[in-house]
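Q: Next one to model:
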Amino acid sequence: MDRDDAELMFQGVERQAELVRTGKVTSRALVEAALRRISRFDPALGAFRVVLAEQALAEADARDAEAEGNVEQGCTEQEDAGQGRGPLHGVPIAVKDELDVAGQVTTFGGAANHTPATADSEAVRRLRAAGAVVIGKTTMPEFGQWPFTESDTHGTAHNPWDITRTPGGSSGGSAAAVAAGLVGAALGGDGGGSIRIPAACCGLFGLKPQRGRVSTAPNAHLWYALGTVGPLTRSVRDAALLYDVLAGTTPADRWSARPVTTGWLRALETPPGRLRIGYSAKPAVPGVRPHPEHVEAMLETVRALRELGHDVREVNPRYPDATAPFAAQFCGGVRAEAAAVERPDLLEARTRSTLALARLVPESAVERGIRAGERLAQRADRMFTTMDLLLTPVVAARPRPVGALDGAGLLTALARSRPMVAYTALWNVTGHPAASVPAGHGTDGLPLAVQLVGRHDDEVSVLRVAAQLEEARPWAGRRPRLTAS
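A: Numbering: from 1, shown residues only. I've put the predicted structure just below:
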């Protein structure tokens, strides 16, 4: 059973959906396999804040009943899809605990909320409309402030490749769940690297989409212009499938991206052609030095891209200084989320320190930060007049031992975070799409990764090149060795 469960859960969501669609496995069997693996391995990983076992099994039974009803009516597969079976029908997926799931408390990683949400967030609604089964909510640091998934209330998430190390953050619980094969995919959020950093630490594919690509409703924004919602997956195709489901906004959203003209999965059917790809190990944050193995992973990727026929050249980016606009929006985001919780007196001490600083930043300064970020985006766009994509490391440092935030005040936590966000946070300020792409493993046994950054509204080029790299050097076959608790 253990081996069968692993084979099912490491398949990824596209294959799982196909197995359900063709009747080779039921949604209930998939959910039961996921629940068994969560029960066995999550006590050591800390990936889930809450597991919705009874609810997920009920949803799975409902999905199976829908499928059985369509079969009894003699529907073909195409007609079946037209009868309401979406592309994720019956597939269990996890959700980061900053997104509303009806009937569950949205904790934002802390203890300050206790009333369950009355409705799903728009992203979760779209998952369910596509047939997915929400199996649980994943852990995060309070308000997603840090690139380490450590919470005073909900504990610490651990890296499946080495449980003494961090899975990154702030979507570290989602990343750990997918990397360990507890689910095929999980939703995260990225306000400074929070999808890409844990993807890099855990050996997953993680695309931060263009700002406004995925709805943050019922909230008008996620950390103002910084935050985006998106999935962590084991493959590029799984990410494309999920973005086919998730892409789109509502009138409640402050930002909205230019619509993609073709489907995301369909876009992968067309090769990218010969692209101009610049590469650089230079961080966008001064004073940070990348780990040598991260530089070597980038150079290995350069060689692979050249073999794929791309024009790849070293560049020296003149990165704009994004410190001021990022800090203003960071402070504004924390202040807005603190204002929304029920018991601000129960916030972590470090968060209260952030909040004290944030209250010194007026709303007008946050809006100026947004406008400054838009100007920086125009400057960053100039880099893409001579190249189609930019290749860099994702993080400067190897994954730290867990406990990075233990006893750390605000300034210490900020200092420990700098090497983790040195390549990622700029692209939240400018809004460009950027992805973490697996690039092998280091001498410590932990994953390596590279970042691909694209032009505004050009996630498609990022996905196509990432898919080429995945085909040239498949990464999904290697799995962490897990120890049951």
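Q: quick one: low-confidence ranges for the stretch 1-150 of the chain?
A: Applying pLDDT under 70 to the stretch 1-150 of the chain flags residues 1, 69-84.
Q: Neighbours of residue 321, how many?
A: 14 (other Cβ atoms under 10 Å). In short, each C-beta sits where N, CA and C put it, glycine included.
Q: what do you get for residue 387?
A: Neighbours around residue 387, by other Cβ under 10 Å: 20.
Q: Please verify my assumption that it contacts residue 279.
A: No: using Cβ atoms under 8 Å, residue 387 is not in contact with residue 279; the gap is 9.2 Å.
Q: Now the common contact residues for those two.
A: Here residue 387 and residue 279 have 313, 315 as joint contacts, going by Cβ atoms under 8 Å, 6 or more residues apart in numbering.
Q: if I look at residue 341, how far off is residue 355?
A: Plainly put, residue 341 is 11 Å away from residue 355 if you go by Cβ to Cβ, to the nearest Å.
Q: list residues touching both of the two?
A: Common contact partners of residue 341 and residue 355 (Cβ under 8 Å, 6+ apart): residue 347.
Q: How about the secondary structure of the residue nearest to residue 223 when sequence neighbours are not counted?
A: Closest residue in space to residue 223, ignoring its immediate chain neighbours: residue 333 at 3.2 Å, by Cβ to Cβ, 6 or more residues apart in numbering. Here residue 333 is recorded as helix under DSSP: H, G, I helix; E, B strand; the rest coil.
Q: likewise the one 5 residues further on?
A: Here residue 338 is helix, with the state taken from three-state DSSP.
Q: Could you count how many residues lie near it?
A: Residues near residue 338, counting by other Cβ under 10 Å, number 21.
Q: For it, give me the pLDDT.
A: Looking at residue 338, its pLDDT reads 96.
Q: got a list of what it touches?
A: By Cβ under 8 Å, 6+ apart, the contact list for residue 338 reads 112, 143, 344, 347, 351, 355, 358.
Q: what sits against residue 193?
A: Neighbour list for residue 193: 147, 208, 394, 395, 420, 421, 423, 424, 425, 428 [criterion: Cβ under 8 Å, 6+ apart].
Q: now swap in residue 268 and tell me
A: Listed by Cβ under 8 Å, 6+ apart, the contact partners of residue 268 are 236, 237, 240, 463, 464, 467.
Q: Closest one of those to residue 274?
A: Nearest to residue 274 among those: residue 464, at 12.0 Å, using Cβ to Cβ.
Q: number of nearby residues for the closest one?
A: 22.
Q: Spell out the residue ranges of the strands in this protein.
A: Taking DSSP state E, the strands of the chain run over residues 48-51, 92-96, 133-138, 150-151, 155-156, 185-190, 205-208, 228-233, 276-279, 311-314, 389-393, 434-441, 447-454.
Q: highest average neighbour count across those strands?
A: Ranked by mean neighbour count, the strands of the chain are led by strand 205-208 with a mean of 32 (mean count of other Cβ atoms under 10 Å).
Q: Which other helices and strands does that strand contact?
A: Judged by 3 or more Cβ pairs under 8 Å, 6 or more residues apart in numbering; DSSP states H and E, the packing partners of strand 205-208 are strand 185-190, helix 196-202, strand 228-233, helix 236-246, strand 434-441, helix 459-472.
Q: rewinding a little: which one of the contacts of residue 268 is nearest residue 129?
A: Set against residue 129, the nearest of the contacts of residue 268 by Cβ to Cβ is residue 240 (17.9 Å).
Q: is it true that the closest one touches residue 267?
A: Yes: here residue 240 lies in contact with residue 267, judged by Cβ under 8 Å, at a distance of 7.2 Å.
Q: Between those two, which has more neighbouring residues?
A: Neighbours per residue (other Cβ under 10 Å) separate residue 240 from residue 267, with residue 240 holding more: 26 against 20.
Q: Common neighbours of residue 240 and residue 267, please.
A: With Cβ under 8 Å, 6+ apart, residue 240 and residue 267 have common neighbours residue 463.
Q: For the strands of the chain, give me TSV that also has distance to residue 471.
A: Below are the strands of the chain laid out as TSV (distance: least, Cβ to Cβ, whole Å):
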stretch	distance to residue 471
strand 48-51	32
strand 92-96	25
strand 133-138	29
strand 150-151	36
strand 155-156	36
strand 185-190	20
strand 205-208	13
strand 228-233	16
strand 276-279	17
strand 311-314	17
strand 389-393	17
strand 434-441	12
strand 447-454	15
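Q: Pipe the helices and strands packed on strand 205-208 into CSV and attach mean pLDDT and distance to residue 136 per row.
A: Formatted as CSV, these follow (pLDDT from 0 to 100; distance: least, Cβ to Cβ, whole Å):
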stretch, mean pLDDT, distance to residue 136
strand 185-190, 98, 9
helix 196-202, 98, 17
strand 228-233, 98, 14
helix 236-246, 98, 17
strand 434-441, 98, 23
helix 459-472, 98, 27
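Q: want to throw those into TSV with distance to residue 213?
A: Output for those, formatted as TSV (distance: least, Cβ to Cβ, whole Å):
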stretch	distance to residue 213
strand 185-190	11
helix 196-202	15
strand 228-233	7
helix 236-246	8
strand 434-441	12
helix 459-472	7
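Q: For residue 299, find the nearest of these.
A: strand 434-441 (10.1 Å).
Q: And the closest one, what does it pack against?
A: By 3+ Cβ pairs under 8 Å, 6+ apart, strand 434-441 packs against helix 196-202, strand 205-208, helix 292-307, strand 447-454, helix 459-472.
Q: Out of those, which gets nearest to residue 33?
A: Closest approach to residue 33 among the helices and strands packed on strand 434-441 (Cβ to Cβ): helix 196-202, 20.3 Å.
Q: was I right about the residue nearest to residue 223 contacting residue 189?
A: No: under the criterion of Cβ under 8 Å, residue 333 is not in contact with residue 189, lying 10.9 Å apart.
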